[in-house]
Each structure stands twice: as structure tokens, then as C-alpha cells.
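Peer 1: Here's a sequence, model it:
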Amino acid sequence: MMLRYALRTVRHRKGGFLGAFLALMCAAALITACGTLLETGLRGTIGTERYAATPVVVSADQNVHQTTVKQKKGKTKTKHKAKPIAERAWLSENLTTRLSRVPGAERVIPELTFLAEPLTPTGTGGRTAYGHAWDSAALTPYTLATGTPPRARDDLVVDRYLADRARLKLGDRVTVQSTQSPRTYRITGIAAPSGDEIRHQTSLFFSTAEARHLAAHPGQVTAIGVVPARGTDTADLKAAVAKALRGTTAQVSAGDERGPVEFLDAAAARIKLVSMGGAMGGTSLLVAVLVVVGTFALSVQQRHRELALLRAIAATPGQIRKLLGREALLVGAAAGVAGALAGLPLGSWLHSRFVALGAVPATLQHTVSVFPLFAAVAATLVGAWAAARVSSRRIARIRPAEALAEAAAESGRPAWGRILAGLVLLAGGTVLVAVLSILRTEPASTPVTFLAVVVLASSVALLGPLLVRAAAAVLGAPLRLSGPGGRLATANLRGNAARMASVVTPLTLLIGMTCTVLFVQPTLGHAARAQAREGIRADWVLAAEGPGVPAEAARQLRTDRDVATEVVRTTVRVGLDKYAAQGVSPAGLTRTWDPDVTAGSLAELTNKTVAVSELAADQLHLKPGSTLKLTLGDGTPATLTVAAVYAKGLGFGDLTMAHDLVARHVDNPLAATVLVSTARSQEELAAAVRKFPGVRVVSPATADSLQAERLQANAEVNYFAMGLVLAFTAIAVVNTLAMSVSERVREFALLRLAGATRRQVLRMLRTEALSVLLLATTLGSGIALAVLTAFSIGMTGSAAPAVTPLVYVTVVAAAGLLALVGTALPGRVALKARPVTVATARE
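Peer 2: So this is what the prediction gives:
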């Protein structure tokens, strides 16, 4: 019976349910899109390219492991955890001898992979360039299309893609920036892969001796390919290879397992995509619940008279709840299916944008299954049903006579339960802000930051009617002075506080969330750059347009009077925790670099010591003289003695080691920057490094600007990720405003019949919109300011969030434009009908 009535209600009140449908559909689309990103991170395929002709690949373990044993109630529990390392781990070359004796192995091919970027005018077209020894060309396989293999140290074979793009031919010379100084090679051959599987990389092949020199890992190889003999099954060969390697940390891969071995950046991007998809999906779900509850509350309020009549003719509270619940499920099912289907292309577009921004490599293929769709539909159904239940509590519980009375006039104050829940959420948001002020790492503080905004906005949603009445009391006198429109707006704010509150909530969330998203990264970036500016004492800085500054360029500038400090950056792990680290040249370090040492001395920095930030020292309980065990970027364990503790960890990283120690254990040993202390001029320094392509001499201020551009590029990924949530919130703002105005046709008609002109009614709507905007701006700005201040205290130690006035004004102006458009357009439509016709029409 209730289902039939619900179907009829939805059929005959399409306009009333349209707002809820749109909100739910957008929520389902967003959840589906985020779900596909999450699934891509969990199950996305990383196709192999260079190892296409090699069924079995042996590689080093790319993880650091930790095993803990706990005794509980007489039982022993063993937990094993693993976290990926930042750089490529290498294998001992001696394993090739062991593998050559494996039954069923016809050929064992050692592989070297290292940085090798051709310095051509046309570049590589977005493909990553790697250097290899020609001996490993059979892994793909690459075969010579023309020319001869490289034999001398200055011989080079390039692949067909690079030759065509740069218009290279046999005998041409090309300069290559590798791990050493740039060197010019003569092209002796052009190689072509079998098929068209190579799409994401460019290969440069050197002689074996030159490749080993450039790889700079004597006695080690990147991977080892094992080709089975004729008639040997791949699975049998893999098992035999694994047996031969028992007792080592080497990993054996076959089939789709080879992709992550070949493309380490894609394997690492899985974790980033899971984190990004989970954060976006979680925030989207919280925002969706808040928005949908408000939309349904407005929908139920607009049907108050109808529901009151049902209560008056003996409908029980349970029947009212069932009716609204079934209506919500019908609308939720339709919106969920439509939104889930729309979310699939949205997810694909999101993935392509993240690839374009460099957050996700193209080698990690977008994966889609039915699970995100089912999750979105289920979340939509549950959200719609829960929103309807929450919205129907009051109308279902009050007596029939009271229901009719409330249908005629809005209740004087919200229910005590709603007020209490709002106060609880306000207290919870306050606690989150307090917790945020003591969190000192970005991974810990970021989720708390956005959660605090949503929780505080939820408290605004529950306490909204009281806040609107308070705003009406404050704004009443100024509004009354503005004429009839202002007096009408004041009366509506006081008499329809619940309706106005449903509009304030999404606007508050939009302003608060947008300001938080836009100013979180600048707050962190400005503090880091300020510390770096204060700590760099160098007169000039060497910067590179390519992969980095070669060590030879720094050596050219070092004299008895001049200091050149090379800076190489990486990430290390202490246990399983990740720390930003750098390697710096110790000689004359204090002339170019000052991280504000608070204990110990940088003069003690050697290959066996480390300097740590105060944050790392507090977390790891370290002081000068302490021993620190860590895992370097390529998985090599190291035990170092703490030489110094410094304060400017935000600008210079948590761990600082000697340059030579770090450079031996990173994929790119070229310096990110070189700090120079000298009396020579910029022109003299530029002349000294002229033979190094792409290296230029800049002032510290220019280097700071370049760093700001890099930080902005990284922040764009976060802006884009949260931009969809903000877009959904903006749609909800317009949707709620349109719903609020479109149901006031009868009210507008009565005002017209009472003598109000069309212009006065529109002025009333604009005044209401501006009043609501003022309240939402105050609340949203207050929420954002509290959260950003707490974030700044925790991360930078200073209560000074980086807020750009022009950006803030733009946010408020955009919110105001949405409010005015969402009010004016439905208002003009509602005023088109003749007042007499509307007033005398049957409801």
C-alpha cells in the first residue's frame, strides 16, 4: 500500500523530488569516479614493455620489511608489514651465474637501467628516456633496423621513435645527460622493437663497458631476464628460478607481475592513487550525506501540509516514515543508477587528468569493474533512506493537530534533540581543530583538516535555524531601512528560519571547504620557502632545466676561496616511517647553508653521520651522539651517528647526510641545486659552466621563485582532486536555492495581491540571498580560519595561515554569484504566473 502511494507521490510531484534526485545523482557519480580511482590503485594493470620477450624476470625487493612478535594471553602473534622504498633496488651480478644453471633456462640476460636523457631540440615527446647496455636489447626484443651495435665507449644505438622524432641518422652526434657529465656520442645504429608495445619510454643503448660506467653500480644489475628453453613451461621455469634463489631477497616475476618491476613509478603510484581515491571518496561521501540530508529536509518541509493531513486522517508515525523512506529509495535508486553510469566516464576523465598533471604515470592503466557502481548505488540508497528518516522524525512523531498547526506556521524553535546534536558536533569539530594544532606531519594533518570542516559545517546545518534567527535580529534594523523589500526579507528570515537554514548550510560548506583547499598548501609552502630563504647563505645558485646539475659543474666552481654545495634529494625510511632527506657536500657547508642548528655541529657531518630536524629528533628520540638506523632510498641499510639537530626541517627536510653517501643510492645522482659562495660575478660563473647544457646561474631569489613554481605545480593535483567535491557542493547550493524559491509561488502571488510589485518581490529575494550569503560567509570563513590556523600552528609553529585577500574575495564573489543566480532565475519563473490564478488554484 505504502509503496503504491509512494510511486504515485513521486510521479505527481516530479518537481518536488527533482532537487533530491540531482543531489543524489551527483553524489553517485562522484563516488563512482573516486571508486574507479581507488580500484585502479588496488588492481590497476601495469603492462610490460621492455620485458615483453622475457617470460621470467628476477629483480631486487623494492620494499622494506618489519616483523613484530606479540605475546597476548599465552598466544604468539606475528605481524609482517612492508613499505616501498623510493629508489630502485639493485641485484648482485653474481646471481646470473647461479641462474644460468637452472634447469630449463636457455638464456640469462642481465639488465642495466639508468638515467640517460638525449639533449635534442625536440625532446622525447613526454616519454621517459633510459640508458641500457646493448646486451640487454634481447629482453624486448630490440633488433637493429640499420647500422651496427655499439662497441666503443662513444658509440650509441637509439630506438626508432627517438630517431624519427629528432631526425637522427647514422653518423650523427647527440649529447646525452646521464648520471655523469654530459657526453657526445656517435650514432652507430637504430633499433626497432618487435610490435608496437613500447609507448611510454625511449631506450638508448651503450656499449657494455660504458653502460656499467654510467650505471655507477659496480657488480650490480637492475634485473635479470630468464628465457626458457624450447618446450619449458613458464610456470615451471619460475618455480625453478625461485628455488634457485631461495635464501636471497630477490623477487621472481612472470606475466603481469613484470610490469611493476619495469615501471617502478607506476608501482609507487598505486599507493598514491589509493590514498587520493580514498580521500576524495571519503570526503565526497561526507559532503554528499550532509547535502542530501539538507535537500530532503527542505523537501519534507515543503510537503508539511500534505504530511500533516495524512497524520490528521489517522496515518501512524510508522506509516509516514515508511512512505518517506520508500519515496527516498525510489528516488535514490533512479539517481544512483544514473549517477553511477555517469561516474564511469567521469572516472576515466579524472584518471587522464591525473596522468596529464604527472600525478599518475600513463603506464598504470585505468581499471573499471562493477564494484564502484554497486558501491555508489548502495551508498546512494542508504544515504537517501537515512536522509528521509532524519528529515521525517519531527513530522512523524508529533500529534495530528500539532502537525496541522505547524503546517500553517513554522515551529518557533528547533527540537531539543536537534540542538543537542548540533552542540555535540560543534564540540567534536572543536576537538578536531585542537588535535590539528598538535599534528606536525602532512599525512596526519590533511585528513583531519577536511574532516574538521565537514563536522563544523554539519553543526551549522543542525543549529542553522537558531543562527538564522540570530542573524535576522542583528540585520533587522539595517534591512528595514532599505525599504519594503528589506522589511519583507526580515520577516521571512524570522518566520522561515528552517527554510533559510537549509540554504545557509551548503553555502557555508562551499566557502569553508574552498578556502581550506586553496590556502592549506600555500600555508605549508610559504613556511617552507621562508625557512629555505632564511637558511640559504649562498651568493648564487646553479639550477638545471634538465634532470639536474652534474657533479663536474660543481667541481669547476670549487676553489680555495669558493664553496659549491651540491644538494641531492631523496626519501629514506626509519623502520617503516618515511622521511624527506637530502645529501649535501660537507666542505664549507656553513658558508652556503644554515638550517638553524640547535644542538651539535654541522662540522661533524661525514659519510658516517647525519643531521636531523627537531621534528625527527622528537619522533625518534634522538640527540647528538645517538645512533640512527635507517634504510636508504635504494633499500641499503645504514647506521649513522647523529651529528646535529636543526630547527628548519620544514624548509630543508628531516634528515641531512653527506652528498657522496646519498648520491650512491639514488636513481638520479645529479644535484637538484648547487649553492655557491663566491666573490665572482654571475657572468664569470656562467662562463665556467657554459659547457653543461641546461645549467644556469641564478640568484637565491630566482631559485626561490622556481621552487614556488614547482610547489604550485604539485599543489595543482590537490586542487584538482578536491575541485570535484567543491563543484558538487556548488551544484548543491544552486539546487537548494532553486528548490527553496520554486516552492514559494503561492507566497509570491499573495504578496502581489497584497500590493507588492514584481520588482519589490525580486528585491526581497535578492535581499534574502545577500543576508544568507553574509551569514554563510561569516560562518564559512570562521570555520576555514579556525582550521587553517590550527593547521598552521601544527605544521609551521606559527598561527599565520597564508591567505591571499584577492583569492578570498574571489571565493566569496563566486558564492554570491551562485546565490543570486540560484535565487533570481527561479524567482522570475515563479513570478510569471498571474497572482489571481495561483492564489485561487487548488493545492
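
Peer 1: What mean pLDDT does stretch 659-674 get?
Peer 2: In this model, stretch 659-674 carries a mean pLDDT of 94.

Peer 1: got the contact list for that stretch?
Peer 2: Stretch 659-674 has contacts (CB atoms under 8 Å, 6 or more residues apart in numbering) with 87-88, 114-115, 177, 179, 216, 541-544, 547-551, 553-554, 557, 564-570, 581-586, 607, 632-634, 636, 638, 703. All C-beta spots, glycine's among them, are computed from the backbone N, C-alpha and C.

Peer 1: Could you do stretch 680-690 as well?
Peer 2: Contacts for stretch 680-690 (CB under 8 Å, 6+ apart): 540, 542, 553, 556-557, 562, 676, 678, 695-697, 699.

Peer 1: mind running it again at 6 Å?
Peer 2: 540, 553, 556-557, 695, 697 (CB atoms under 6 Å, 6 or more residues apart in numbering).

Peer 1: how would you label the residue nearest to Thr656 when sequence neighbours are not counted: helix, strand or coil?
Peer 2: Residue nearest to Thr656 in three dimensions, not counting chain neighbours: Ala611, with 4.3 Å by CB to CB, 6 or more residues apart in numbering. Secondary structure, DSSP: H, G, I helix; E, B strand; the rest coil: Ala611 is strand.

Peer 1: Of the contacts of stretch 659-674, which belong to strands?
Peer 2: Members of the contacts of stretch 659-674 lying in strands (criterion: DSSP state E): 114-115, 177, 541-544, 564-570, 581-584, 638.

Peer 1: Which members of the residues you listed are classed as buried?
Peer 2: 114-115, 177, 541-544, 564-570, 581-584, 638 (16 or more other CB atoms under 10 Å).

Peer 1: which stretches of the stretch 101-250 of the chain form strands?
Peer 2: Assigned by DSSP state E, counting those that start in this stretch, the strands in the stretch 101-250 of the chain fall at 105-111, 114-118, 128-133, 142-147, 155-159, 173-178, 183-193, 201-206, 220-221, 223-228.

Peer 1: could you check the angle strand 223-228 makes with the first one?
Peer 2: In terms of direction (axes from the mean of the first three to the mean of the last three CA atoms, to 10 degrees), strand 105-111 departs from strand 223-228 by 160 degrees.

Peer 1: same question, the longest one
Peer 2: Here strand 183-193 runs at 30 degrees with respect to strand 223-228, directions being taken by the same axes, to 10 degrees.

Peer 1: So which helix or strand of this protein has the lowest pLDDT on average?
Peer 2: helix 400-408 (a mean of 53; mean pLDDT, DSSP states H and E).

Peer 1: next helix or strand past it?
Peer 2: Downstream of helix 400-408, the first helix or strand assigned by DSSP states H and E is helix 416-436.

Peer 1: State the distance from Met500 to Ala342.
Peer 2: 31 Å (CB to CB, to the nearest Å).

Peer 1: do Leu115 as well
Peer 2: Counting by CB to CB, the gap from Leu115 to Ala342 is 43 Å.

Peer 1: go on, Leu753?
Peer 2: 43 Å.

Peer 1: Mind checking which of the two has more residues around it?
Peer 2: In this view Leu753 and Ala342 are compared by other CB atoms under 10 Å, and Ala342 has more residues nearby, 18 against 12.

Peer 1: Helix or strand: which one has that one?
Peer 2: Counting by DSSP H and E, Ala342 is part of helix 317-357.

Peer 1: Next, the angle helix 317-357 makes with whichever helix or strand comes after that helix.
Peer 2: Next helix or strand after helix 317-357 toward the C-terminus (DSSP H and E): helix 370-397. Here helix 370-397 runs at an angle of 150 degrees relative to helix 317-357 (the same axes, to 10 degrees).

Peer 1: Toward the C-terminus from the helix or strand harbouring Asp660, list the very next helix or strand.
Peer 2: In this structure, Asp660 is located in helix 659-663 according to DSSP H and E. Counting by DSSP H and E, the next helix or strand C-terminal to helix 659-663 is strand 673-677.

Peer 1: buried ones in the helix or strand following that next one?
Peer 2: As assigned by DSSP H and E, the chain's next helix or strand after strand 673-677 is helix 682-688. Using 16+ other CB under 10 Å as the test for burial, helix 682-688 gives 685-686.

Peer 1: The nearest residue to Gln220 once chain neighbours are set aside: neighbour count?
Peer 2: Once flanking residues are discounted, Gln220 sits nearest to Trp90: 4.0 Å by CB to CB, 6+ apart. Trp90 has 21 neighbouring residues, counting by other CB under 10 Å.

Peer 1: residue contacts, Trp90?
Peer 2: 60, 217, 220.

Peer 1: at 8 Å instead, please
Peer 2: By CB under 8 Å, 6+ apart, the residues touching Trp90 are 60, 217, 220-222, 634.

Peer 1: any idea how far it is from Ala223?
Peer 2: Distance of Trp90 to Ala223, computed by CB to CB: 9 Å.

Peer 1: Can you pull the residues that touch both of the two?
Peer 2: Contacts common to Trp90 and Ala223, judged by CB under 8 Å, 6+ apart, are Ala60.

Peer 1: which element follows the lengthiest helix in the chain toward the C-terminus?
Peer 2: The longest helix of the chain (DSSP state H) is helix 700-742. Using DSSP H and E, the next helix or strand after helix 700-742 towards the C-terminus is helix 745-753.

Peer 1: Give me the angle between that following helix and helix 700-742.
Peer 2: Going by the same axes, to 10 degrees, helix 745-753 makes 80 degrees with helix 700-742.

Peer 1: list the buried ones in whichever helix or strand comes after helix 745-753?
Peer 2: Per DSSP H and E, the first helix or strand lying C-terminal to helix 745-753 is helix 758-796. With burial defined by 16+ other CB under 10 Å, the residues of helix 758-796 counted as buried are 760-773, 775-777, 779-781, 783-796.

Peer 1: where's the residue lying closest to Gly723 once chain neighbours are set aside, which helix or strand?
Peer 2: Leaving out its chain neighbours, the residue that sits closest to Gly723 by CB to CB, 6+ apart is Val517, at 7.8 Å. Val517 belongs to helix 497-535 when assigned by DSSP H and E.

Peer 1: what's the offset of that helix from the middle of its chain?
Peer 2: Distance of helix 497-535 from its chain centroid, counting by CA atoms, centre = their mean, to the nearest Å, is 16 Å.

Peer 1: and what of stretch 266-273?
Peer 2: 12 Å.

Peer 1: one step back: which helices and strands sit right next to the helix holding Ala342?
Peer 2: Under the contact definition 3 or more CB pairs under 8 Å, 6 or more residues apart in numbering; DSSP states H and E, helix 317-357 sits against helix 2-12, helix 14-43, helix 264-302, helix 304-312, helix 370-397, helix 700-742.

Peer 1: Which one of those lies nearest to Lys832?
Peer 2: Lys832 lies closest to helix 700-742 among the helices and strands packed on helix 317-357, at 11.9 Å (CB to CB).

Peer 1: Just give me the neighbour total for the residue nearest to Gly723.
Peer 2: Neighbourhood size, Val517 [other CB under 10 Å]: 23.

Peer 1: Next: Tyr579.
Peer 2: Per other CB under 10 Å, the neighbour tally for Tyr579 reads 21.

Peer 1: Show the backbone phi and psi for it.
Peer 2: Main-chain torsions, Tyr579, degrees, to the nearest 10: phi -130, psi 140.
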